[in-house]
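[1] Structure, please.
(chains A and B)
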Amino acid sequence: MTVRTRIAPSPTGDPHVGTGYMGLVNMVLARQHGGQFLLRIDDTDRTRYRAGSEQAVFDALRWLGLEWDEGPDKGGPCGPYRQSERTAIYLEHALMLVKSGHAYRCFCTSDELAARRAEALAEKRDFRGYDGRCRALDPEDAERRAGEPHVIRFKCPTDEGKTVIQDLLRGPIETPNAELDDKVLLKSDGFPTYHLASVVDDHLFRISHIIRAEEWIPSGPLHQLLFEAYGWDVPVFCHMPLIRNADKSKISKRKNPTSLLYYRDAGYLPQALLNFLGLLGWGGPKTADGGNQEIFSVDDMLQHFKLETLSLGGPVFDLAKLRHVNAHYLRELQPQAFAQQVRDYLVGDPAYLEALVPLVSPRMETLGQFLHVADFFFSDVDHVHPDDRKLKPGSVKRLVEGLVPAGVEPEDAWFTLSQLSGALERLDAWTAAELEQALRGPGAVALSDWKPRDLFMALRVAISGRKETPGLFECLEVLGKSRVLGRLADAMRVLPAPGKKRLKKLEKARDARIAGAATEASDA
RNA sequence: GGCCCCGUCGUCUAGUGGUUAGGACACAGCCCUUUCAAGGCUGCGACGCGGGUUCGAGUCCCGUCGGGGUCACCA
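    Below is the predicted model of the structure:
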């Protein structure tokens, strides 16, 4: 059997470090066995689709050096590799299951379902997932109504038994069938859900090992059942531990930079990031003194990596360690290569340099002043007050001026910055005019109850570390989304996050502001 | 809450019945040094808890506690 693995990112946002992690492991396993590593784009949710996101995935993976053998941009024998281009295949396969009695048409609407769930909740009845109502429909009636809007659901076993999947790392994982419910396979818009599309594609692409994150374990039984309903061989399942924040929760952009592009733009070397990712769950080749060789290349991994020996505890994404690994690779570079890296990093993108000229040139009298005016376009920002930067890690430090407005609690500033970050994250448009419109517009009311000048100063300081900069919105545009979001996250890390209670209160106040803005709008 | 996954220093990990429980990051001290880094040396620091099994348990079993994930016409 040829080993064929895949990653299947969704183009819904920035390429994620988790995608890089899964990509590394999947690629290494495929290469170790002389097999193929494929890239599939899971874009079946057109409501969350983000233009440009797919290209960003390509860029990020290629930057890391994770090259795929088959994929949307390079084709292959099993194409197309973009799920939105395969809808006819999914429809056909969904119908196959209806015909064989493994699936059925369901005419319940989302609203009806929500109402029934609420009703069940009120009566303290158990109603999770779907109650199976449309199972009772006469198949012939259902066929006659096929023109009406409906979904196709999978018929899960209802007996007292268990469905068990074999996990490469965890052994058998049993789930009582009572826990299963009839999941949607084909949505009313004609697109498949992840479950249908991925099972069908994994089969059609002859994927031998499904290596994916632990969060997929609960849908393992459904996928297993689907493979079986089709009479297909079930691939090897392997659920990798989830990368965690410092507090052990699933890694999130609120608490960590999660975009691969952030690491590229922040000046990390791809081989360093790959090395660091390889450390998670594995640790590197064993050394004679009983330790691990922690600095290793992908070639080293190809030689020594053993998927079966992975450590299952969710590893914390430790930026300090990443920095250490990166520092190692940086120092290893020959002066010429190092200089080239610096050149690429600073001026490798002429468009970036040229874009900031209009912002800085009016503020300069000699070229020697360039870095005084433009430093933050090229350099990380430290949000701690300069006098306190040498203080011990645990000690309370003063922050750079302007990040927290006078009279505002640091926890509340954290919250405002998080709102700001969320709002910017959701923006597709990123020109100065659009940014200004978004941040001054009615939607911005929800961000905080601060005076605009305080809000904009906090944002300015967060992205630049200074109180005086070229125009804020122009700076945001030129810096670009990933740098801005990264710096906002950096700023939030030096601020204390509010506790649960405080957070609830802040959210309530925000919701009140939103509601207030809405009524004001309707009055006018 | 139901179901499921996981549990060695603060963090990443080594360890598969007998080890002074090893290495790395971080942290502290010392050395080197005009400064700051880097580098070298030293130190701090862990088997969540309780029962078994065994001559012997971090390693096996049970329980418990803790953490996490998941419960959508999102992936």
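
[2] What's the separation between A:Pro498 and A:Gly407?
    A:Pro498 is 17 Å from A:Gly407, where distance means C-beta to C-beta, to the nearest Å. The C-beta positions use only the backbone N, C-alpha and C, and glycine is treated the same way.

[3] who has more neighbours, those two?
    Taking other C-beta atoms under 10 Å, A:Pro498 and A:Gly407 do not tie; A:Pro498 has more neighbours (20 against 6).

[4] any idea how far the more buried one is from A:Glu409?
    Going from A:Pro498 to A:Glu409 by C-beta to C-beta gives 8 Å.

[5] check contacts around A:Trp216.
    Neighbouring residues of A:Trp216 by C-beta atoms under 8 Å, 6 or more residues apart in numbering: A:His239.

[6] In a strand, it, correct?
    No: looking at A:Trp216 with DSSP: H, G, I helix; E, B strand; the rest coil, it is helix, so not inside a strand.

[7] any idea how far it is from A:Ile210?
    For A:Trp216 relative to A:Ile210 (C-beta to C-beta), the value is 8 Å.

[8] okay, and the common contacts of these two?
    Between them, A:Trp216 and A:Ile210 share no contacting residue, judged by C-beta under 8 Å, 6+ apart.

[9] Point out where the stretch 301-450 of chain A drops to low pLDDT.
    Residue ranges of the stretch 301-450 of chain A with pLDDT under 70: A:392-395.

[10] how about a cut-off of 90?
    A:347-349, A:379-402, A:407-411, A:418-419, A:421-429, A:438, A:440-450 (pLDDT under 90).

[11] Could you give the number of residues near the residue in the stretch 401-524 of chain A positioned nearest to RNA strand B?
    Closest contact between the stretch 401-524 of chain A and RNA strand B, by C-beta to the nearest atom of the strand, is at A:Lys500 (11.7 Å). Look at A:Lys500: counted by other C-beta under 10 Å, it has 7 neighbours.

[12] Show me what the lowest-mean-pLDDT helix or strand in chain A is in contact with.
    Within chain A, no helix or strand scores below helix A:500-523, which has a mean of 77 by mean pLDDT, DSSP states H and E. Residues outside helix A:500-523 that contact it (C-beta under 8 Å, 6+ apart) are A:Glu411, A:Asp412, A:Phe415, A:Gln419, A:Pro442, A:Val445, A:Ala446, A:Asp449, A:Pro498.

[13] 6 Å instead?
    Contacts with helix A:500-523, where a contact means C-beta atoms under 6 Å, 6 or more residues apart in numbering, come from A:Glu411, A:Phe415, A:Pro442, A:Val445, A:Ala446.

[14] List buried residues within those residues.
    Those of the contacts of helix A:500-523 that meet the buried threshold are A:Glu411, A:Phe415, A:Val445, A:Ala446, by 16 or more other C-beta atoms under 10 Å.

[15] and those, which two are the farthest apart?
    Greatest spatial distance among these (C-beta to C-beta): A:Glu411 and A:Val445, at 20.8 Å.

[16] Would you mind listing what in the stretch 51-200 of chain A touches RNA strand B?
    A:108-110, A:113, A:128-130, A:149-151, A:169-170, A:173-176, A:179, A:183-184, A:187-189, A:191-194, A:198 (C-beta under 7 Å from any atom of the strand).

[17] Could you give me the PyMOL selection string for whichever of the residues you listed are buried?
    The buried residues among these can be selected in PyMOL (16+ other C-beta under 10 Å) with this line:
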select buried, chain A and resi 108+113+130+150+151+169+173+175+183+184+187+191+192+193+194+198
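
[18] among the residues of the stretch 51-200 of chain A next to RNA strand B, which are in helices?
    A:Ser110, A:Leu113, A:Tyr194, A:Ser198 (DSSP state H).

[19] how about the third one, what does it touch?
    If I follow you right, that is A:Tyr194. So A:Tyr194 contacts nothing (C-beta under 6 Å, 6+ apart).

[20] any idea of the pLDDT on it?
    You'll see A:Tyr194 listed with a pLDDT of 98.

[21] what's the answer for the one 4 residues further on, then?
    Turning to A:Ser198, the model gives it a pLDDT of 98.

[22] repeat for the one 3 residues further on
    Note for A:Asp201: predicted pLDDT of 98.

[23] Please, which helix or strand holds it?
    For A:Asp201, the enclosing helix or strand under DSSP states H and E is helix A:194-204.

[24] can you pull the buried residues of that helix?
    For helix A:194-204, by 16+ other C-beta under 10 Å, it's A:Tyr194, A:His195, A:Leu196, A:Ala197, A:Ser198, A:Val199, A:Val200, A:Asp201, A:Asp202, A:His203.

[25] list the contacts for the second one?
    The one in question is A:His195. Listed by C-beta under 6 Å, 6+ apart, the contact set of A:His195 reads A:Lys183, A:Leu222.

[26] How about the residues of the stretch 251-400 of chain A by RNA strand B?
    Contacts of the stretch 251-400 of chain A with RNA strand B, taken as C-beta under 7 Å from any atom of the strand, map to A:279-283, A:286-287, A:289-292, A:294, A:309, A:311-316, A:318, A:320-321, A:324, A:327-328, A:331, A:392-393.

[27] From the residues you listed, list just the buried residues.
    A:Leu279, A:Leu280, A:Gly281, A:Trp282, A:Gly283, A:Glu294, A:Gly314, A:Pro315, A:Val316.

[28] A:Asn256: which of these is nearest?
    Of those, the one sitting nearest to A:Asn256 (C-beta to C-beta) turns out to be A:Val316, at 9.6 Å.

[29] and the closest residue to the closest one other than its chain neighbours, what does it touch?
    Once flanking residues are discounted, A:Val316 sits nearest to A:Arg244: 4.9 Å by C-beta to C-beta, 6 or more residues apart in numbering. With contact set as C-beta under 6 Å, 6+ apart, A:Arg244 has these partners: A:Ile251, A:Gly314, A:Val316.

[30] can you check A:Pro176 too?
    A:Pro176 sits in contact with A:Lys162, where contact means C-beta under 6 Å, 6+ apart.

[31] rerun that using 10 Å as the cut-off
    Residues in contact with A:Pro176 (C-beta atoms under 10 Å, 6 or more residues apart in numbering) are A:Asp159, A:Glu160, A:Gly161, A:Lys162, A:Thr163, A:Pro221.

[32] And for A:Lys390?
    A:Val384, A:Lys397.

[33] helix/strand/coil for it?
    coil.

[34] A:Ala374 versus that one, what's the distance?
    26 Å.

[35] Also A:Glu354?
    12 Å.

[36] Likewise for A:Val357?
    9 Å.

[37] Overlap of the contact sets of those two?
    A:Met364, A:Val478.

[38] for the stretch 351-500 of chain A, what spans make up the strands?
    Here the stretch 351-500 of chain A has no strands by DSSP state E, counting those that start in this stretch.

[39] Leaving out chain neighbours, which residue sits closest to A:Ala462?
    Closest to A:Ala462 by C-beta to C-beta, 6+ apart is A:Ala491, at 4.0 Å.

[40] no wait, A:Asp69
    The nearest residue in space to A:Asp69 (C-beta to C-beta, 6+ apart) is A:Gln36, at 4.2 Å.

[41] Report the beta-bridge partners for the one you found.
    A:Arg4 (DSSP bridges).

[42] show me the contacts for it.
    Contacts of A:Gln36 (C-beta under 10 Å, 6+ apart): A:2-6, A:27, A:30, A:68-70, A:76-78, A:205-208.

[43] Kindly recompute the last result at 8 Å.
    A:Thr2, A:Val3, A:Arg4, A:Thr5, A:Ala30, A:Asp69, A:Glu70.

[44] With respect to A:Pro11, which of the contacts of helix A:500-523 is nearest?
    A:Ala446 (27.0 Å).

[45] Tell me the spacing between the residue nearest to that closest one when sequence neighbours are not counted and A:Lys253.
    Of all residues not flanking A:Ala446 in the chain, A:Ile514 sits nearest, at 4.7 Å (C-beta to C-beta, 6+ apart). Noted for A:Ile514: a distance of 22 Å to A:Lys253, by C-beta to C-beta.
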